[in-house]
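# dropping a prediction and its sequence here:
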Amino acid sequence: MKLGSVIKTQGSPQRPHLYHSGTKPIARSSLARLNEKQPCELYESLFAKLYQRCKSHAPKHQFSFKNPLYSLDASLIDLSLKLFPWSHYALGKGAVKLQLGLDHSGHIPAFATITDSKMNDNQYTKTLRLPKGSIVVFDRGYCDYGWHKSLTLQGVFYVTRQRSNAKYKVIRRHQVDKSTGVTSDQVIRFTSDRSSKKTLPNVRRIGFYDKNTKKQYYFITNHFDLDAQTIAEVYKQRWQVELFFKWIKQNLKIKAFVGTSRNAVLTQIWIALCVNLMLAYIKFTSKIGLSLQQILRLFQLNLFMRRDLMALLKGDPPGDPEDHLQGCLAL
């Protein structure tokens, strides 16, 4: 499927190479039929295996602590309700929701699921299992105190924003260095009726003033050992998952879909995630300074040319033209 998308994207630059290899551009209808029939679970399983292989080569995250760090977020992928009537969202629009956890070691997708657009984000978190000792960062859309308690019991740390209407009591205050932007560091207990029924454990509340945005932020976390400024920096890195959504939508063609069934749409999204991991694997193992976008463009422009992969990535000139001039003519 992705091969056909690349061919169509590049158009005329690839046609001479297709001619010499004795092939033709793949018809859109052929790709659509394949995406309709091939179960999307195949690519979902491939995604999980690719992540396991990729993460062993990924560079570590920028923080000094050794805990695995993930950012959790969701993004709507818009669909035309006329072409995808099963995807009704609201106000005559269609969409599916991509829920994703980004591993900050290498900034690669670690876990994902694709749900109906109306599904509440907290329904997905109930099925989520994270490694013990890891830190997960998420925004107020995942504010579920019961889930927060569950993470604590699992030995998983979290960092999130505090709800503006939260009711709490300050148990203990710590001194802070306000020159770092930290305005408060407290241990609190939530006091609402619902919180009392759930017997929530005490949490840490950190106030932080961002000089760039001129805004005051309040974070809550169950991690009591990290420096307060580090907690603020950890939450700031959550924007990497937003950048990931932007990158994958712009570069891996998940706005125009081949096939209109639910299986076809999910197949194309899972393939896009797999392609991202394959590009990251090449980047990590080759230790080159190219961005994923640059690597992707190189592959698109040289898709049907016989080139050494490392030479291509390093920008070395092609070898002897006689090796591939008319060697693959289809007679």
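That came through fine.
# now Thr127: how far from Thr113?
Noted for Thr127: a distance of 8 Å to Thr113, by C-beta to C-beta, to the nearest Å. In short, each C-beta sits where N, CA and C put it, glycine included.
# contacting residues around Leu200?
By C-beta atoms under 8 Å, 6 or more residues apart in numbering, the contact set of Leu200 is 145, 148-149, 189-190.
# in strands, which of the residues you listed appear?
189-190 (DSSP state E).
# hang on, the earlier thing: who has more neighbours out of Thr127 and Thr113?
Thr113 (15 against 7; other C-beta atoms under 10 Å).
# excluding covalently adjacent residues, which one is nearest to that one?
Gln99 (5.1 Å; C-beta to C-beta, 6 or more residues apart in numbering).
# still on that earlier bit, Serialize the contacts of Leu200 to JSON lines and add fields for pLDDT.
Shown next, in JSON lines, are those (pLDDT from 0 to 100):
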{"residue": "Tyr145", "pLDDT": "89"}
{"residue": "His148", "pLDDT": "93"}
{"residue": "Lys149", "pLDDT": "93"}
{"residue": "Arg189", "pLDDT": "94"}
{"residue": "Phe190", "pLDDT": "92"}
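# and which of the contacts of Leu200 is nearest Phe138?
Within the contacts of Leu200, proximity to Phe138 (C-beta to C-beta) peaks at His148, which comes in at 10.0 Å.
# and the closest one, how close does it get to Thr191?
Counting by C-beta to C-beta, the gap from His148 to Thr191 is 15 Å.
# swap in Val275?
Counting by C-beta to C-beta, the gap from Val275 to Thr191 is 48 Å.
# between those two, who's got more neighbours?
A direct count of neighbours by other C-beta under 10 Å for Val275 and Thr191 places Val275 higher, at 21 against 12.
# just the element for Val170, please.
strand 168-173 (DSSP states H and E).
# mind giving me the packing neighbours of that strand?
With contacts taken as 3 or more C-beta pairs under 8 Å, 6 or more residues apart in numbering; DSSP states H and E, strand 168-173 sits against strand 182-190.
# between strand 168-173 and the strand it packs on, find me the angle.
Taking axes from the mean of the first three to the mean of the last three C-alpha atoms, to 10 degrees, strand 182-190 and strand 168-173 form an angle of 120 degrees between their directions.
# what's in contact with strand 182-190?
145, 166-176, 196, 200, 202-209, 216, 220, 224, 228-229, 232.
# generate a PyMOL selection restricted to the buried subset of those residues.
Buried members of the contacts of strand 182-190, defined by 16 or more other C-beta atoms under 10 Å, are picked up in PyMOL with:
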select buried, resi 145+166+168+176+200+202+203+204+205+206+207+208+209+220+228+229+232
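# Thr113 contacts Tyr124, doesn't it?
Yes: here Thr113 reaches Tyr124: they are 5.9 Å apart, a contact under C-beta atoms under 8 Å.
# list residues touching both of these two?
By C-beta under 8 Å, 6+ apart, the residues touching both Thr113 and Tyr124 are Gln99.
# roughly how far out does stretch 280-288 sit from the chain middle?
Relative to its chain's centre, stretch 280-288 lies at 18 Å (C-alpha atoms, centre = their mean, to the nearest Å).
# going forward, begin numbering at 5 instead of 1
That works, and once the first residue is 5, the last one we named lands at stretch 284-292.
# ok, and for that stretch, which residues are buried?
Buried, per 16+ other C-beta under 10 Å, within stretch 284-292: 284-288.
# so who does the closest residue to Pro89 other than its chain neighbours touch?
Leaving aside its sequence neighbours, Pro89 sits nearest to Gly98 (C-beta to C-beta, 6+ apart; 7.6 Å). Gly98 makes contact with 82-85, 88-89, 91-92, 121 under the criterion C-beta under 8 Å, 6+ apart.
# which of those residues fall within helices?
Taking DSSP state H, every one of the contacts of Gly98 sits outside helices.
# buried ones only from those, please, as a PyMOL command.
To isolate the buried members of the contacts of Gly98 in PyMOL, using 16+ other C-beta under 10 Å:
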select buried, resi 83+85+88+91+92+121
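# tell me which two of the contacts of Gly98 sit farthest apart.
Using C-beta to C-beta, the contacts of Gly98 reach their maximum pairwise distance at Asp82 and Pro89, which is 14.5 Å.
# was I right about Gly110 contacting Ser60?
No: the pair Gly110 / Ser60 is not scored as a contact, 10.2 Å apart, by C-beta under 8 Å.
# so between the two, which is more surrounded?
Comparing Gly110 with Ser60 by other C-beta under 10 Å, the one with more neighbours is Gly110, at 20 against 8.
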